[in-house]
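> Pasting the sequence and the predicted model now:
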Amino acid sequence: MASFTVNLSFQGKTVSLSDVTTDTSGADLHQIALVAFDLDDGASLKLLYKGKRLDQEDITTPVFQLVPKKAPKILVMATSSSVISDLQSKRSDPLMRGFDQERSRTTTKEQQQLAWGPTTAQDKNYKFCRFQACTWQSFGHRPSTDGETPHAFEAMQLLNKLATDPGIVAIMKERELVVGTLGEMDPIDDRLMQTKQQEGACLLGYNTNGGTRIDLKLRCDDLKGFRPYSQLMATLIHELSHNWVGEHNLLFWTNFGQMRAEYVHTHLRLRSTVVAGKTTAELAGLKLLDTKNVYDFVMQELQQDMAQHGLHPNMIAAPIEERCRQLDETRDGGQRLGGASSMVLGEDASGGPMTTSIAGASVRDLALAAAEQRAKAQRKSGDSS
């Protein structure tokens, strides 16, 4: 069986593994990482690949279905057993409140002021792990608005609102996504943003290392306020789609369109939930009144976005329409969102999107189906040539 190289990255150190195969499991990589970075068996270890945590208990499921063209990068996060033992042995300062005590001080009124209501939170497994806002010091110089730009605390609240948006929570859980950091793009001194603007594009966000970090341009150009929430949300879903596909090809736009449909359907499903006198759809800036409008809404968005790349949404209309139909059936049938769905699996030989409809399919099932379809497409392409 052919082997390939995988790069493990831990605290600025990179180790290249050259004997990885398509049979290598998450448990195998955990054991290799322990040895590669001289960690003891009792260390707390996490491996992240494309924003997803590899299961250290799974000894059968391969991490890679096909031999990758480029050496994949896996992020290693670890804490030694000695550090863990040291922390557990420390006594808390009686003069300082603990986290549990602080949470108990939160009043019902304060809970009701949460953006999406007191019961809304990120999923415990599939979530944004950290948030980072910009302060005026990080801008490179003090904003010319003389303090009128929103405080970093407000930016943190907005990042938290984006992360706990019910539509985003549903997408993250459905697709088992983990993002290391959701941050604010520097609105003045960001070099990548300036490069894109020179190329004639307007950069509102970017994804680093397939979901290790996502940054959004929260503030307006004059720094006097934040951009419209609906625009920020569309940008966030756009960047989440880059967790799977880097290029703006048909596969990317199909995946993005399906996630937009899932997002809108989630808010329409919560029409009876009212927060501060508004439905969640109104808080999210959605003006749809019925699920029948979702397909047209998504296609209209795609037409504007895809035109910048010389593409048209009619090229991917079928999987978008199918996803909307299945979301309607899921909502009406009371099943879990996406429990019986048609999802993008990969690219065919011509670069177009491949989809499948698998009832109750797990992510592993979808990945295996994707590998099988790609192999068939490659064999067919080879026969025709």
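Sure thing, it's come through.
> rest of the way, CA atoms for contacts and neighbours
OK.
> in the protein, which spans are strands?
4-10, 13-20, 44-49, 52-53, 73-79, 128-132, 179-184, 205-208, 213-216, 274-275, 278-279, 340-347, 353-359 (DSSP state E).
> quick check: angle from the third one to strand 4-10?
Right, the one you point to is strand 44-49. 130 degrees (axes from the mean of the first three to the mean of the last three Cα atoms, to 10 degrees).
> Check which residues of strand 44-49 are buried.
Neighbour-count burial for strand 44-49, counted by 16 or more other Cα atoms under 10 Å, picks out 45-49.
> Point out the other helices and strands that it packs with.
Applying 3 or more Cα pairs under 8 Å, 6 or more residues apart in numbering; DSSP states H and E, one finds that strand 44-49 contacts helix 26-36, strand 73-79.
> mind putting these in a markdown table, mean neighbour count included?
Converted to a markdown table, those look like this (neighbours: other Cα atoms under 10 Å):
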| stretch | mean neighbour count |
| --- | --- |
| helix 26-36 | 18 |
| strand 73-79 | 18 |
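> among the ones you listed, which is nearest Gln308?
Across the helices and strands packed on strand 44-49, Gln308 has its closest neighbour in strand 73-79 (30.2 Å, Cα to Cα).
> Could you list the low-pLDDT ranges of the chain?
90-113, 136-147, 189-202, 288-292, 331-385 (pLDDT under 70).
> 50 - rerun?
Judged by pLDDT under 50, the chain has its weakly predicted residues at 106-113, 199-201, 333-342, 345-346, 349, 357-364, 367, 385.
> Contact partners for the residue lying closest to Glu321 once chain neighbours are set aside?
By the measure of Cα to Cα, 6 or more residues apart in numbering, the closest residue to Glu321 outside its immediate chain neighbours is Tyr295, 6.2 Å from it. For Tyr295, the residues meeting the contact criterion (Cα atoms under 8 Å, 6 or more residues apart in numbering) are 261, 320-321, 324.
> if we can go back for a sec, any idea which of the buried residues of strand 44-49 is closest to Ser81?
Nearest to Ser81 out of the buried residues of strand 44-49 is Leu45 (Cα to Cα; 10.1 Å).
> ok, so what distance separates the closest one from Asp165?
29 Å (Cα to Cα, to the nearest Å).
> now swap in Ser82 and tell me
Distance of Ser82 to Asp165, given as Cα to Cα: 38 Å.
> Looking only at neighbour counts, state which of the two leads.
Using other Cα atoms under 10 Å, the more surrounded residue of Ser82 and Asp165 is Asp165, with 24 against 12.
> Please report how far the residue nearest to the more buried one when sequence neighbours are not counted lies from His265.
Spatial nearest neighbour of Asp165, excluding adjacent residues (Cα to Cα, 6+ apart): Trp116 at 6.9 Å. Counting by Cα to Cα, the gap from Trp116 to His265 is 16 Å.
> With Lys217 instead?
Taken as Cα to Cα, the span from Lys217 to His265 is 26 Å.
> hmm, back to that, surely the residue nearest to Asp165 and Thr164 touch.
Yes. In terms of Cα atoms under 8 Å, Trp116 counts as a neighbour of Thr164; the distance is 7.5 Å.
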